[in-house]
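1. What follows is a predicted structure for the sequence shown.
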Amino acid sequence: MFNSSNSTDGIFLLDTLQHLGIDHLFEEQIHNTLSEILENKLTSSASLHEEALRFRLLREHGHWVSPDVFNKFKGEDGTFRKDITQPSGLLSLYNAAHLLIHGEPALEEAISFARHHLELVSGSLMSPLAQQVKRALHRSLPRSCKRVETLHYISEYGEEEGHNPVLLELAKLDFNLLQHVHLKELKAITEWWKNIYDHIGLSYIRDRVVESYTWAYVIYYERCFELLRIIIAKMMLLITILDDTYDTHGTIEECRKLYEAVQRWDESAVSLLPEYLKKFYIELLRTFKNIEGEMPVDINYDIAHLKKVVQNNVTGYLQEAEWSHKNHKPRFIYQVNLTSLTVGAPTLCVSMMVGMADTIMKQALKWTADVPDVVVAAGKIVRLMNDIASFEVQSISTLIYSCMHIILLLLKCILDS
């Protein structure tokens with residue numbers, strides 16, 4: 001299967017394995033195939049479909065490829081030629097171009113060009129390409145949930161000309177086996193959450209156990225990341241309790257006391273808290289101790305960094321509570337900067353680091369815990385997407401406005417003036 005000397009065959013095979021969700025079973029072979037693809041450029045006669053696939057696969061795996069590879073599909077005026085109409089090529093270009101970075105206008109143009117032409121032909125396409133184009137136009141492949149895309153593609157792959165029935169059967173078996181693993185984990189985290197919920201007795205907190213596990217499952221679905229998924233889910237649930245306490249229940253004095261206790265991170269600090277928060281605080285400390293105890297000896301993960309980001313989260317929650325208490329409406333930039341951290345991105349990113357190789361764990365973990373620009377940027381994206389999604393159903397009943405509320409209020413003031 002991997003013995004072909006044709007780099008184009010390797011490109012299509014790698015794309016199929018990733019799409020079917022079984023690339024994790026062929027890591028060594030894929031590494032060798034990627035090296036061959038990187039070393040051997042496609043010929044000048046390569047199609048747009050082949051060139052775009054190569055571009056996307058290499059960028060997805062961390063290899064730099066210049067957008068100039070698409071210049072041969074452009075006319076003398078520097079724009080894409082109007083005779084490029086092959087739907088599969090346009091789809092590959094559309095997905096590949098979404099791996100752009102800042103300062104790549106050529107790829108922005110590629111997205112607009114491919115989207116326009118895909119929309120023109122989308123109504124006349126046959127299955128399975130029709131479904132794949134529809135999904136991509138809704139959300140491009142690099143930004144989609146990999147397991148959801150795998151589920152779709154498993155049902156479509158058999159319709160493709162020249163498909164490999166052995167790979168299809170392997171994909172089905174692997175998906176079902178992993179689904180069984182994920183269901184067992186979800187059952188375990190649900191039982192843990194039920195015990196926590198019943199014990200701490202905080203009726204105002206949201207039940208986000210499935211949502212929290214889904215966050216973990218989307219990031220790492222492979223069997224070997226069981227502990228990592230559990231840690232991510234537990235962290236998301238714990239900061240949800242803190243968030244709900246600060247947002248909807250605690251008085252300003254109770255919020256300040258909870259902040260002080262979390263910063264001290266010691267059982268003796270429980271005396272600072274109102275009675276209804278004491279059990280939760282003890283469970284918070286106990287959960288971290290349990291995570292530390294469950295960490296394999298071969299993983300050099302310093303849980304102090306995870307404590308730090310939770311403490312920083314609470315610092316942000318208190319700032320939001322202080323704004324609300326003082327009826328203070330912050331400037332938009334301050335609102336975004338703060339809520340991009342309290343949305344939980346730093347906690348999620350540091351939780352993810354359990355999956356890093358031990359050789360780079362210590363350095364990478366410290367870098368992530370210090371909240372570099374990339375983590376802040378991720379938080380801003382999550383914050384704004386969350387506000388956009390909830391805007392239509394969210395009532396302006398709180399003094400801490402969402403970012404979308406602030407934007408619309410600013411627009412109203414401009415129009416009124």
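-> Ah, there it is.
2. Are we agreed that Val290 is in a helix?
-> To be clear, residue 290 is Asn; Val isn't right here. Yes - counting by DSSP: H, G, I helix; E, B strand; the rest coil, Asn290 falls inside a helix.
3. burial count for it?
-> Applying other C-beta atoms under 10 Å, we find 12 residues neighbouring Asn290. Backbone N, C-alpha and C define where each C-beta goes, glycine included.
4. burial of Gly75, as a residue count?
-> The burial count for Gly75: 10, using other C-beta under 10 Å.
5. can I assume it is in contact with Arg81?
-> Yes - between Gly75 and Arg81 there is a contact under C-beta atoms under 8 Å: 5.0 Å.
6. Need the single longest helix in the chain, by residues.
-> Among the segments of the chain that qualify as a helix by DSSP state H, the longest is helix 165-200.
7. That helix packs against which elements?
-> helix 7-20, helix 146-157, helix 209-219, helix 226-244, helix 275-294 (3 or more C-beta pairs under 8 Å, 6 or more residues apart in numbering; DSSP states H and E).
8. Just name the most buried of these.
-> helix 226-244 (a mean of 22; mean count of other C-beta atoms under 10 Å).
9. tell me the mean pLDDT for stretch 324-332?
-> For stretch 324-332, the mean per-residue pLDDT is 89.
10. Quick one: end-to-end distance for that stretch.
-> Start and end residues of stretch 324-332 are separated by 15 Å (C-alpha to C-alpha, to the nearest Å).
11. which residues touch the residue positioned nearest the centre of the chain?
-> Central residue of the chain (C-alpha atoms, centre = their mean): Ile219, 6.0 Å from the mean position. Ile219 makes contact with 232, 352 under the criterion C-beta atoms under 8 Å, 6 or more residues apart in numbering.
12. Give me the distance between it and His116.
-> Distance of Ile219 to His116, given as C-beta to C-beta, to the nearest Å: 33 Å.
13. give me the low-pLDDT residue ranges for this protein?
-> Per-residue confidence for the chain (pLDDT under 70) gives these ranges: 4-5, 355-359, 389-417.
14. mind listing the strands for it?
-> Per DSSP state E, the chain carries no strands over any range.
15. how close does the residue nearest to Pro330 when sequence neighbours are not counted get to Tyr317?
-> Setting aside the residues directly before and after it, Pro330 is nearest to Trp323 in space (C-beta to C-beta, 6 or more residues apart in numbering), at 6.0 Å. Separation of Trp323 from Tyr317 (C-beta to C-beta): 11 Å.
16. what do you get for Trp215?
-> 19 Å.
17. Ile37 now?
-> 47 Å.
18. if you count what's nearby, which of the two comes out ahead?
-> Tyr317 (25 against 21).
19. Look at Lys326 and say how many residues are nearby.
-> Lys326 has 10 neighbouring residues, counting by other C-beta under 10 Å.
20. Sorry, wrong one. I was asking about Arg331.
-> 9.
21. likewise the one 3 residues further on?
-> Applying other C-beta under 10 Å, we find 12 other residues in the vicinity of Tyr334.
22. Quick check: it vs Ser340, distance?
-> Relative to Ser340, and taking C-beta to C-beta, Tyr334 is found at 11 Å.
23. Show the contacting residues for Thr85.
-> With C-beta under 8 Å, 6+ apart, Thr85 has these contacts: 117, 121.
24. Quick check: it vs Ile232, distance?
-> Taking C-beta to C-beta, one finds Thr85 at 44 Å from Ile232.
25. repeat for Pro372
-> 19 Å.
26. same check, this time on Leu20
-> Counting by C-beta to C-beta - Leu20 and Ile232 are separated by 25 Å.
27. what's the answer for Ile22, then?
-> Distance, Ile22 to Ile232, by C-beta to C-beta: 23 Å.
28. what do you get for Ala52?
-> Ala52 sits 33 Å away from Ile232, going by C-beta to C-beta.
29. coming back round to it: need the helices and strands packed on helix 165-200 in CSV (columns: distance to Leu177).
-> CSV is the format used below for the helices and strands packed on helix 165-200 (distance: least, C-beta to C-beta, whole Å):
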stretch, distance to Leu177
helix 7-20, 14
helix 146-157, 13
helix 209-219, 15
helix 226-244, 13
helix 275-294, 23
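30. Could you check those and tell me which one is nearest Glu104?
-> Proximity to Glu104 (C-beta to C-beta) singles out helix 7-20 among the helices and strands packed on helix 165-200, at 21.6 Å.
31. what angle separates the closest one from helix 146-157?
-> 110 degrees (axes from the mean of the first three to the mean of the last three C-alpha atoms, to 10 degrees).
32. Quick one: distance of helix 7-20 to the chain centre.
-> 24 Å (C-alpha atoms, centre = their mean, to the nearest Å).
33. ditto for stretch 83-98
-> Relative to its chain's centre, stretch 83-98 lies at 24 Å (C-alpha atoms, centre = their mean).
34. before we move on, the earlier item: pretty sure the residue nearest to Pro330 contacts Tyr334?
-> No - with contact defined as C-beta under 8 Å, Trp323 and Tyr334 do not form a contacting pair (9.1 Å).
35. which residues sit in contact with Ala136?
-> 91, 94-95, 118.
36. ditto for Trp192
-> Contacts of Trp192 (C-beta under 8 Å, 6+ apart): Lys234.
37. Wait, Ser44 touches Asn71, no?
-> No - using C-beta under 8 Å, Ser44 is not in contact with Asn71, being 11.2 Å away.
38. Name the residue in these two with the higher neighbour count.
-> Comparing Ser44 with Asn71 by other C-beta under 10 Å, the one with more neighbours is Asn71, at 11 against 6.
39. ok, now how distant is the more buried one from Leu38?
-> Counting by C-beta to C-beta, the gap from Asn71 to Leu38 is 19 Å.
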